[in-house]
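> Okay, sequence plus prediction incoming.
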2 protein chains.
Amino acid sequence: MTRKELINQIFTKKTFLCVGLDTDIKKIPEHLLKEEDPIFAFNKAIIDATAPYCVAYKPNLAFYESMGVKGWISFEKTIAYLNESYPLHFIIADAKRGDIGNTSAMYARTFFEEMSLDALTVAPYMGEDSVTPFLQYDGKWVILLALTSNKGSHDFQLTTDAEGERLFEKVLRKSQEWGNADNMMYVVGATQGKMFEDIRKVAPDHFLLVPGIGAQGGSLEEVCKYGMTKDCGLIVNSSRAIIYADKTERFAEVAGEEAQKVAKQMKTVLESIK
Amino acid sequence: MTRKELINQIFTKKTFLCVGLDTDIKKIPEHLLKEEDPIFAFNKAIIDATAPYCVAYKPNLAFYESMGVKGWISFEKTIAYLNESYPLHFIIADAKRGDIGNTSAMYARTFFEEMSLDALTVAPYMGEDSVTPFLQYDGKWVILLALTSNKGSHDFQLTTDAEGERLFEKVLRKSQEWGNADNMMYVVGATQGKMFEDIRKVAPDHFLLVPGIGAQGGSLEEVCKYGMTKDCGLIVNSSRAIIYADKTERFAEVAGEEAQKVAKQMKTVLESIK
């Protein structure tokens, strides 16, 4: 999906919500456990219920890999279902990969060619040749970790170098030598509040993927206040607060209602900028 | 595997070689393609031929994931075979994972509990809570990326902060607040040469996992000169130079010969320190 198509989806549907498919067999409603593939059954129901209220889906690979081969089957079925039934949604594999060049190239083939995903999250620690193999595909995106939502983000990401630049700022600046606002986004945690102002100084036009509202405690209002651009420039993810809002047979319906609530707030914000 | 057991293996077998199982369906001998699971058939033959000359195996997950579900099956079979037939070898999943705490905890369960691997490579960018979930298992190891073998290692890992500390040094120092030389190692590329001296100033006792000899051009001699400790302190990995040394029906035999050559050099070095 190109940047133009993504922006178009956001302003047409009036939402920039991403639903995180962090599906955990221990947290899904019990009645699904009798299904042949409970994880896929859960995802399919959640997707059908939330699709009108979001522009993106983000399965976190860890949840699928933790189930071994079975988990990979559920993951591939979920992606195939999204590609077939919801081709206008932006699909992100939250994989946080990053390896030497030839290995990153293999990951790129898997996720972009074989699975037709739109984007992949990548860790920046190994530098340029671990990132650029993902930038060789038209309409595909690298979403580079910049300033994450967790407590540990303070350990290295905020380290200030001899020139006064913090590591996350260096990641933002340096990576713009490799890609641009048409093929690269950044992960910035919703819990980072006013730091979005600093992010926008270095990356004024890039889309930001923002996890951390809901269960992790970030505020949508603050994220929009400091991070939004004229093109929206934000994809805000919510996982647990939506997909586990209810554990009964009504789980999908309730997930849809929760997604709709967030989308309603987003609509108000979007209407204020266009 | 505990540190003591690992050191014991190294000095008993007189080798600190790790064979990297970076198995690529496009590079294995053609006659294996008629096997039901060519990747596993290749790995099994390579393992049987090289086991006397190495103390560790390191499959890089990317190579398996790139084949989707099939690849995961080959990976799980390889790990099961190693656990069953070579329980004294140290098994590393080269996965370069690292995510927020609850997600890292899921990865830890998968790799340590379900698969009985000994160690997992982890990327440090997300800090403490992305690493500590892996440190909760006796006899299991985190191998944290410190100074990698690739060109991109210069982009961020060498950044000097306001106090004159480079990022890789901060990773080495800070992570010692979370773990110790009994449950943590570091990845340092063989291509880093004299930098091993600087590594040893901050991490004098930790084992280092050293990729990059062979195809990537690092020198075993230099690594030993600057990186070795009285306990050896090194696990040196070679992948392509061993596993793809020959593409005929003799591939496993030749891989064994190549591993033996490296082990012979290692024996000389080890005898010089004990």
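Right, received. Where do you want to start?
> Over to A:Phe90: give its phi and psi.
A:Phe90 adopts backbone torsions of phi -90, psi 120, taken as degrees, to the nearest 10.
> And it, how far from A:Ile143?
10 Å (C-beta to C-beta, to the nearest Å). Any C-beta I mention is one placed from the backbone N, CA and C, and that applies to glycine too.
> Show me the common contact partners of these two, please.
Common contacts of A:Phe90 and A:Ile143 (C-beta atoms under 8 Å, 6 or more residues apart in numbering or on different chains): A:Ala119.
> the strands in the stretch 151-274 of chain A, which residues?
A:184-188, A:208-210, A:234-238 (DSSP state E, counting those that start in this stretch).
> Take the ones you listed and lay them out in TSV including distance to chain B, mean neighbour count and mean pLDDT.
Listed next are the strands of the stretch 151-274 of chain A as TSV, based on distance: least, C-beta to the nearest C-beta, whole Å; neighbours: other C-beta atoms under 10 Å in any protein chain shown; pLDDT from 0 to 100:
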stretch	distance to chain B	mean neighbour count	mean pLDDT
strand A:184-188	10	26	98
strand A:208-210	14	27	98
strand A:234-238	12	27	97
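> In a markdown table, list those along with distance to B:Arg250.
Output for the strands of the stretch 151-274 of chain A, formatted as a markdown table (distance: least, C-beta to C-beta, whole Å):
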| stretch | distance to B:Arg250 |
| --- | --- |
| strand A:184-188 | 46 |
| strand A:208-210 | 49 |
| strand A:234-238 | 52 |
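> Nearest to B:Tyr226, out of the ones you listed?
Closest approach to B:Tyr226 among the strands of the stretch 151-274 of chain A (C-beta to C-beta): strand A:184-188, 36.0 Å.
> What segments of chain A are helices?
Secondary structure of chain A, counting by DSSP state H: helices at A:3-13, A:38-50, A:61-65, A:68-85, A:101-108, A:128-131, A:153-156, A:167-175, A:195-202, A:220-227, A:240-243, A:251-273.
> can you tell me which of those the model trusts least?
Out of these, helix A:101-108 stands lowest, with a mean of 89 (criterion: mean pLDDT).
> mind listing what's buried in stretch A:127-146?
Neighbour-count burial for stretch A:127-146 flags A:127-135, A:137, A:140-146 (criterion: 16 or more other C-beta atoms under 10 Å in any protein chain shown).
> overlap between those residues and the residues near chain B?
Applying C-beta under 8 Å from any C-beta of the partner chain to the buried residues of stretch A:127-146, one finds that A:127-131, A:145 fall near chain B.
> who's in contact with the closest residue to A:Gly152 other than its chain neighbours?
What sits nearest to A:Gly152 in space, not counting adjacent residues and going by C-beta to C-beta, 6 or more residues apart in numbering or on different chains, is B:Gly127, at 2.5 Å. With C-beta under 8 Å, 6+ apart as the criterion, the residues that contact B:Gly127 are A:150-157.
> go again using 10 Å as the cut-off
Neighbouring residues of B:Gly127 by C-beta atoms under 10 Å, 6 or more residues apart in numbering or on different chains: A:148, A:150-158, B:98, B:100, B:171, B:174-175, B:178.
> Give me the distance between the nearest residue to A:Leu145 once chain neighbours are set aside and A:Val269.
Using C-beta to C-beta, 6+ apart and skipping the chain neighbours, the partner closest in space to A:Leu145 is A:Val187 (4.8 Å). The spacing between A:Val187 and A:Val269, counted by C-beta to C-beta, is 20 Å.
> ok, now A:Met185?
The spacing between A:Met185 and A:Val269, counted by C-beta to C-beta, is 19 Å.
> isn't A:Gln176 right up against A:Met185?
No - between A:Gln176 and A:Met185 there is no contact under C-beta atoms under 10 Å: 12.0 Å.
> Now the common contact residues for those two.
When C-beta under 10 Å, 6+ apart defines a contact, the residues bordering A:Gln176 and A:Met185 alike are A:203, A:206.
> rewinding a little: in terms of distance to B:Arg200, which of the ones next to chain B among the buried residues of stretch A:127-146 ranks first?
Out of these, the member with the shortest distance to B:Arg200 (by C-beta to C-beta) is A:Gly127, at 23.2 Å.
> Dihedrals phi and psi, that closest one?
For A:Gly127, the backbone dihedrals (degrees, to the nearest 10) come out as phi 80, psi -170.
> who touches the residue in the stretch 151-274 of chain A positioned nearest to chain B in this structure?
Here the stretch 151-274 of chain A gets closest to chain B at one residue, A:Gly152, 2.5 Å apart by C-beta to the nearest C-beta. Residues near A:Gly152 by C-beta under 10 Å, 6+ apart: B:98, B:100-101, B:104, B:124-132, B:178.
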